[in-house]
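**Q** I need the structure of the sequence given here:
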Amino acid sequence: MWQLIQNVVSSHLFQTLATSMGVQWVGWAFASYFHTEKFYDLAGSLTFILLSHMSHAQSKMTVRQSLHSWMIFAWACRLGTFLFMRVLKDNGDKRFDKARDSPGTFLVFWTLQGVWVWVTLLPTLILNTQRRDAVIGNRDYLGYALWTIGFLFEVVADMQKSIFRANPNNDGKFISTGLWSISRHPNYFGEILLWFGLYVSGSSVFRGYQYMSVISPIFIFLLITRVSGIPLLEKSGLRKWGNLPEYKKYLEDVPVLIPFIKT
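**A** Take a look at the predicted model:
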């Protein structure tokens, strides 16, 4: 029994999970002391980079493993910087209005972020435990294509919305141009797609239970579509513009998530 416990504690997956949680709890301590949520998203992105680097450093550093590390680094740097600059500009994040002054509630948010980071990275963490290598094949190329399309969707959608919001003439209006004319949440579509892409690529060398790491993109999909992403924004949109005929038409004509596909 003791040997089993030692093996679990020394395992790659346990170490990365412990690191993820440790970083979040330290972040929570500082955030609670200063009553601020401004570096919450930045801490999450830095944890992605830390865990990815930590995992990659223990791998055989094959081409496949290195590509995963670089793609996660690019995604985390871009999104972390974008979210951090946005929260500074907005002088806060409304998600934490009832939490920032409640250490217990705030701890839940930080803890969930630690779990989110680890679960999201699971396919790559498992990939980095592989000691065998295989020639880059069609499944890898499909995964890289999905990641690239998803990344571009997310970047372009965020850029278009930022430009739209920066225009004083658009104050109080909703965006319905660019990628936002074919999906009400194109940035989330890109987010889901890119993590599915990394799973598809990693699965080219998976065996047995390792395929269960598909829980990562499924978790992201459910989190965005059922819990914290789309449901909250859709409710917010209805509160702001639900009485406008043009917004009602936008809801009727534009798919919630997948471009051109109404669900």
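
**Q** so how many other residues sit close to Ala31?
**A** 24 (other C-beta atoms under 10 Å). Just so you know, the C-beta spots here come from the backbone N, C-alpha and C atoms, and that holds for glycine as well.

**Q** Glu154 versus that one, what's the distance?
**A** Distance, Ala31 to Glu154, by C-beta to C-beta, to the nearest Å: 26 Å.

**Q** what does Gly208 give?
**A** 32 Å.

**Q** Who has more neighbours out of the two?
**A** Glu154 (24 against 6).

**Q** For the more buried one, give me its contacts.
**A** Leu79, Pro186, Asn187, Gly190, Glu191, Leu194 (C-beta atoms under 8 Å, 6 or more residues apart in numbering).

**Q** Does it belong to a helix, a strand or coil?
**A** Recorded secondary structure, Glu154: helix (DSSP: H, G, I helix; E, B strand; the rest coil).

**Q** same thing with Arg226?
**A** Strictly by three-state DSSP, Arg226 counts as helix.

**Q** repeat for Arg132
**A** coil.

**Q** That one: how many residues sit nearby?
**A** The burial count for Arg132: 8, using other C-beta under 10 Å.

**Q** And it, its phi and psi?
**A** Per-residue torsions, Arg132: phi -100, psi 160 (degrees, to the nearest 10).

**Q** go on, Met21?
**A** phi -70, psi -40.

**Q** repeat for Val256
**A** Dihedral angles (degrees, to the nearest 10) for Val256: phi -60, psi -50.

**Q** looking at the protein, which helix or strand is least sure?
**A** Least confident element among the helices and strands of the chain, by mean pLDDT, DSSP states H and E: helix 2-9 (a mean of 41).

**Q** Low-confidence bits of the stretch 1-150 of the chain, can you list those?
**A** 1-10 (pLDDT under 70).

**Q** Show me where it has its helices.
**A** When assigned using DSSP state H, counting those that start in this stretch, the helices of the stretch 1-150 of the chain occupy the ranges 2-9, 12-34, 40-57, 63-90, 103-127, 138-166.

**Q** So which of those is nearest Leu257?
**A** Closest approach to Leu257 among the helices of the stretch 1-150 of the chain (C-beta to C-beta): helix 138-166, 11.0 Å.

**Q** Next, the angle helix 103-127 makes with that closest one.
**A** Compare the direction of helix 138-166 with that of helix 103-127 by axes from the mean of the first three to the mean of the last three C-alpha atoms, to 10 degrees and you get 150 degrees.

**Q** Specify the next element, helix or strand, located C-terminal of helix 138-166.
**A** helix 186-202 (DSSP states H and E).

**Q** average model confidence for that following helix?
**A** Mean pLDDT, helix 186-202: 97.

**Q** which element follows it toward the C-terminus?
**A** Next along from helix 186-202, by DSSP H and E: helix 215-222.

**Q** and the next helix or strand after that next one, average pLDDT?
**A** The helix or strand immediately downstream of helix 215-222 is helix 230-241, counting by DSSP H and E. Mean per-residue pLDDT for helix 230-241: 93.
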